[in-house]
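**Student:** Here is my input, please return the structure:
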Amino acid sequence: MGGARGRSGAVVAGDRQTLGGELSLPSGLPQPPAGAAAALLADGRAHDRAGRMPQALAAFRAAVSAAEAEDDGRVLAEALRRLGVAHVLRQELEDGVGLMRRSYAVAHGMEESVLAAEALNGIAGAYIMMGRWSDARDTFRRAHRLAASDAGVRARIDQNLGIIANIHGEFEQALAHYTESLRAFELAEDAHGRATAYNNLGMISADRERWDDADRYFRLSLELADQLGDARLRGLGLLNHTEVFIARQQYEAARGSAEGALRIFEQLGFRDQKSGAYKFLGVVYRETGKLALAEARLRRATELAVEAGSTLHEAEASRELALVYQALGRNQDALKLLNASHRLFGRLDARVDLIDVASRRTRLESVYLAVVREWGQSMESADSYTHGHCERVATYAVAVARALGLHGVELTTVRLGAYLHDVGKVRVPHEILNKPGRLTSEEFDVMKMHPVYGIELLAAVEFPWDIKPIIRSHHERFDGSGYPDRLRGDEIPLAAQIIGIADVYDALTTTRSYRGAMTKAQALALMADSRPHWRPDVFAAFIASVGV
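**Tutor:** I've put the predicted structure just below:
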């Protein structure tokens, strides 16, 4: 159950998305000989492509020093940009942007418009990581204008404009950017650009659940990454391809792909992408019934996401781990994780420009509802008389809520409250719950404690919706004759009144251990006689929705 959405983000074209360890050059090294800057820069690029990040970082820093000594502005601009990208990908965003601004200033001062465009492209990529989407889009467009004379640079910037469109759910616009850049890379015989374009086309195809297209694009990207010896791009391709295998239930292929990606990211030191690989492995193990392994992998995914500061990956790993706990019957732990995931998505949703979060949170709420429903059903399964009670109460209650004009979050609250309203009955002795005759006053006093038991059972769970008042107060009555707190009138939450009236109707119209089921007409007549128990508008909405 549940998906594994939220792959590694699209490749920011033209910049190395590597997370390498910090390695400073030792002090006191002799100055490199004249002309060494370009060679050091080439060494850094080769190390970067092969995934040897400590060596790449050292070479880029040495290239900066050598270019300054040689007064070689072109090499200096390029070395500063590549070093800046490395800082950004280590989450040192301000330092990285500062280095790339220096790169832009050097290139602009030399009137090297293409180098200046490359620097702006890198800065805009950092803005994406900062969530500054408007700044990123504007900066990419500035870079696009500057790079008018270089089709390759323009194509890479097109890729990145496509990424912003994709993040915002503007799939047709993103697809147009990706397709246009792919044509340019093909004309320029730029293999790396083509591999990047194929990867991004694979991701947008997966977003649209076009799995055949996604599979084809990822395979093309991986083939080129292998030919180029580009470890980073191969790792991203393997990671993203994993989602295709999971969607097709090809779990052994998914495991191999995720483990291959993980080995590469271990070498590169990419914590965020390692989190994604562990998440996919957790999903694979969960779907194949290896729940202990699934729990371990998803816990590691969460830890790495926290270390990398990736709120999105943390939210998604928490959601997937909640499903493991559900499968293990650890429903309270599952709800705690789902609540944590909901808060994390809420934090992302506060950035209103990140539109795709809304769809991710909708998927999370579907998972939440499924977990709560299954828990409610499992509590009823031991008693043939109440089996299906929570589902029916939910159906009746939502109908009443709609008749009252409730919608959105209010309807979600009512539905979830219906599934959990009787959770406290697990603490009521079986012989009382299933007693065939009338309860004694002492036994009824125990039964009346189940709303309080429910609150105690869920004390450690903080819900995103106001469910606990429903659990405690669904047996309160408008005239003050209910329990456990003898609330009256508007002291009783509206959602609790809605659940309460639906609960009574279902109890009357189904067979119980102590009596047979009433007909619909009999139940409605009895409830009409007890009309003071409910708010007038709630009773009217009930009759309009259920009593027709």
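**Student:** From now on I want contacts and neighbour counts done on CA atoms only, so please keep to that.
**Tutor:** Noted.
**Student:** quick one, helices of the stretch 401-548 of the chain?
**Tutor:** Using DSSP state H, counting those that start in this stretch, the helices of the stretch 401-548 of the chain run over 409-420, 430-433, 441-447, 450-457, 468-473, 494-508, 520-529, 536-545.
**Student:** and the first one, how far out from the chain's middle?
**Tutor:** For helix 409-420, the distance from its own C-alpha centre to the chain's C-alpha centre is 22 Å (C-alpha atoms, centre = their mean, to the nearest Å).
**Student:** Repeat that for the shortest one.
**Tutor:** Distance, stretch centre to chain centre, for helix 430-433: 42 Å (C-alpha atoms, centre = their mean).
**Student:** I would like the residues contacting it, please.
**Tutor:** Here helix 430-433 makes contact (C-alpha atoms under 8 Å, 6 or more residues apart in numbering) with Lys425, Leu439, Glu443, Met447.
**Student:** Name the residues of stretch 265-285 that are buried.
**Tutor:** Within stretch 265-285, the residues that qualify as buried are 265, 268-285, counting by 16 or more other C-alpha atoms under 10 Å.
**Student:** Got phi/psi on Pro484?
**Tutor:** Backbone torsions of Pro484, given as degrees, to the nearest 10, read phi -90, psi -10.
**Student:** is it true that Cys275 lies in a helix?
**Tutor:** Quick fix: residue 275 reads Ser, not Cys. Yes: checked against DSSP: H, G, I helix; E, B strand; the rest coil, Ser275 lies within a helix.
**Student:** measure it to Met130 for me?
**Tutor:** For Ser275, the distance to Met130 (C-alpha to C-alpha, to the nearest Å) stands at 19 Å.
**Student:** again with Glu295
**Tutor:** Between Glu295 and Met130 the distance, using C-alpha to C-alpha, works out to 30 Å.
**Student:** of those two, who's got more company?
**Tutor:** Looking at Glu295 and Met130 with other C-alpha atoms under 10 Å, you find the greater number of neighbours at Glu295, namely 23 against 15.
**Student:** Point me to the helix or strand that includes the more buried one.
**Tutor:** Assignment of secondary structure by DSSP states H and E places Glu295 within helix 291-308.
**Student:** Show me what counts as buried in that helix.
**Tutor:** 291, 293-306, 308.
**Student:** what's the closest of these to Thr395?
**Tutor:** In terms of C-alpha to C-alpha, no member of the buried residues of helix 291-308 lies closer to Thr395 than Leu291, at 32.6 Å.
**Student:** What pLDDT is listed against the closest one?
**Tutor:** What the model reports for Leu291 is a pLDDT of 93.
**Student:** For the stretch 1-150 of the chain, which residues score under the pLDDT cut-off?
**Tutor:** Across the stretch 1-150 of the chain, the ranges flagged by pLDDT under 70 are 1-34, 89-91, 131.
**Student:** centroid residue for this protein?
**Tutor:** Within the chain, one residue has its C-alpha closest to the average C-alpha position: by C-alpha atoms, centre = their mean, that is Glu316, at 3.6 Å.
**Student:** my read: it touches Ser341, true?
**Tutor:** Yes: contact status for Glu316 versus Ser341: in contact at 6.9 Å, counting by C-alpha atoms under 8 Å.
**Student:** hang on, the earlier thing: any idea which helix or strand carries the residue nearest to the centre of the chain?
**Tutor:** In this assignment (DSSP H and E), Glu316 forms part of helix 311-327.
**Student:** What's the first helix or strand after that helix?
**Tutor:** Heading C-terminal from helix 311-327 (DSSP H and E), you reach helix 331-349.
**Student:** got the angle between that following helix and helix 450-457?
**Tutor:** Here helix 331-349 runs at 70 degrees with respect to helix 450-457, directions being taken by axes from the mean of the first three to the mean of the last three C-alpha atoms, to 10 degrees.
**Student:** and Ala38, what does it touch?
**Tutor:** Applying C-alpha under 8 Å, 6+ apart, the residues near Ala38 are Ala63, Ala67, Val75.
**Student:** I'd like those as CSV, with secondary structure, distance to Asp503 and neighbour count appended.
**Tutor:** Putting the contacts of Ala38 into CSV (DSSP: H, G, I helix; E, B strand; the rest coil; distance: C-alpha to C-alpha, whole Å; neighbours: other C-alpha atoms under 10 Å) gives the following:
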residue, secondary structure, distance to Asp503, neighbour count
Ala63, helix, 74, 28
Ala67, helix, 78, 27
Val75, helix, 75, 26
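**Student:** so which of those comes closest to Gln55?
**Tutor:** When these are compared against Gln55 (criterion: C-alpha to C-alpha), the nearest one is Ala63, at 12.1 Å.
**Student:** what's the closest non-adjacent residue to the closest one?
**Tutor:** When the adjacent residues along the chain are set aside, Ala63 lies closest to Ala37, with 4.7 Å between them (C-alpha to C-alpha, 6 or more residues apart in numbering).
**Student:** doesn't Val75 make contact with the one you found?
**Tutor:** Yes: between Ala37 and Val75 there is a contact at 6.7 Å, judged by C-alpha under 8 Å.
**Student:** Which two among the buried residues of helix 291-308 are spaced furthest apart?
**Tutor:** Of all pairs drawn from those, the one with the largest separation by C-alpha to C-alpha is Leu291 and Ala308; the distance is 25.5 Å.
**Student:** picking that back up, from the buried residues of helix 291-308, pick the one nearest Asn434.
**Tutor:** Leu291 (34.4 Å).
**Student:** Might you report the residue contacts of that closest one?
**Tutor:** Tyr285, Val324, Ala327, Leu328.
**Student:** What ranges in the stretch 401-548 of the chain fall below the confidence cut-off?
**Tutor:** Applying pLDDT under 70 to the stretch 401-548 of the chain picks out residues 512-515, 547-548.
**Student:** Repeat the analysis, applying 80 as the threshold.
**Tutor:** Judged against pLDDT under 80, the low-scoring parts of the stretch 401-548 of the chain cover residues 434, 436-437, 460-462, 464, 511-516, 547-548.
**Student:** Kindly report the same for the stretch 201-350 of the chain.
**Tutor:** For the stretch 201-350 of the chain, the stretches with pLDDT under 80 are 269-270, 308-310, 312, 329, 331-332, 342-350.
**Student:** before we move on, the earlier item: can you pull the residues that touch both of Ala37 and Val75?
**Tutor:** With contacts defined as C-alpha under 8 Å, 6+ apart, the residues adjacent to both Ala37 and Val75 are Ala63, Val64, Ala67.
**Student:** Generate TSV for those, with distance to Asp490 as supplementary columns.
**Tutor:** Putting the shared contacts of Ala37 and Val75 into TSV (distance: C-alpha to C-alpha, whole Å) gives the following:
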residue	distance to Asp490
Ala63	73
Val64	71
Ala67	76
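**Student:** for those, which one is nearest Ala460?
**Tutor:** In terms of C-alpha to C-alpha, no member of the shared contacts of Ala37 and Val75 lies closer to Ala460 than Val64, at 54.5 Å.
**Student:** Count residues in the vicinity of that closest one, would you?
**Tutor:** Taking other C-alpha under 10 Å as the neighbour definition, Val64 ends up with a count of 25.
**Student:** Same question for Gly193.
**Tutor:** The number of residues packed around Gly193, counting by other C-alpha under 10 Å, is 25.
**Student:** surely it meets Arg156?
**Tutor:** Yes: applying C-alpha under 8 Å, one finds Gly193 in contact with Arg156, separated by 7.1 Å.
**Student:** List the contacts of Leu328.
**Tutor:** Shown here is Leu328, whose contacts under the criterion C-alpha under 8 Å, 6+ apart are Leu291.
**Student:** Correction: the previous question concerned Ile164.
**Tutor:** Ile128, Trp133, Arg137, Ala174 are the contacts of Ile164 under C-alpha under 8 Å, 6+ apart.
**Student:** Compare those and tell me which has the most neighbours.
**Tutor:** When neighbours are counted by other C-alpha under 10 Å, Ala174 leads the contacts of Ile164 with 25 neighbours.
**Student:** Leaving out the residues flanking it, which one is nearest to it?
**Tutor:** Spatial nearest neighbour of Ala174, excluding adjacent residues (C-alpha to C-alpha, 6+ apart): Gly162 at 4.0 Å.
**Student:** Give me the neighbour count for that neighbour.
**Tutor:** Summarising burial for Gly162: neighbours were counted as other C-alpha under 10 Å, giving 30.
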